[in-house]
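[1] this one's sequence-less:
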């Protein structure tokens, strides 16, 4: 059973960088059939795909967030991470990591609330 767990600070100040890590257990992040995504849900809004890192380490981003987003991985720890720069209160959301891409996800983390506030 694959399990994902998000971790990171729950409060970030405006203009700072939001950093989250997803730890994967029960399966490796490197097999060729895998891709790993970050998705968020702002309060009162729908899910927003932020980006994905493929099995080979290549990353692809939502064009609306591309200039501020970076996704990378640590295969030795079986983790992948999200960095979102220059955050504003509009980046307040529940952030999820998930296995999959193109709106097809089979495993999700429980989600972590991140609030951007001074």
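    Happy to help now that I have it. Nothing here was measured: the structure is a model prediction, and the numbers come from that model.
[2] tell me, what residue is most central in the protein?
    residue 38 (2.8 Å; Cα atoms, centre = their mean).
[3] Now do the contacts for that residue.
    Each residue near residue 38 by Cβ atoms under 8 Å, 6 or more residues apart in numbering is listed here: 20, 22, 49, 50, 51, 52, 71, 82, 95, 96, 97, 98. Placement of C-beta: from N, CA and C, glycine included.
[4] And for residue 105?
    Contacts for residue 105 (Cβ under 8 Å, 6+ apart) come out as 37, 39, 98, 99.
[5] just checking, residue 109 touches residue 98?
    Yes - the pair residue 109 / residue 98 is scored as a contact, 6.9 Å apart, by Cβ atoms under 8 Å.
[6] Overlap in contacts, those two.
    residue 4.
[7] Of the contacts of residue 38, which is the most crowded?
    residue 97 (30 neighbours; other Cβ atoms under 10 Å).
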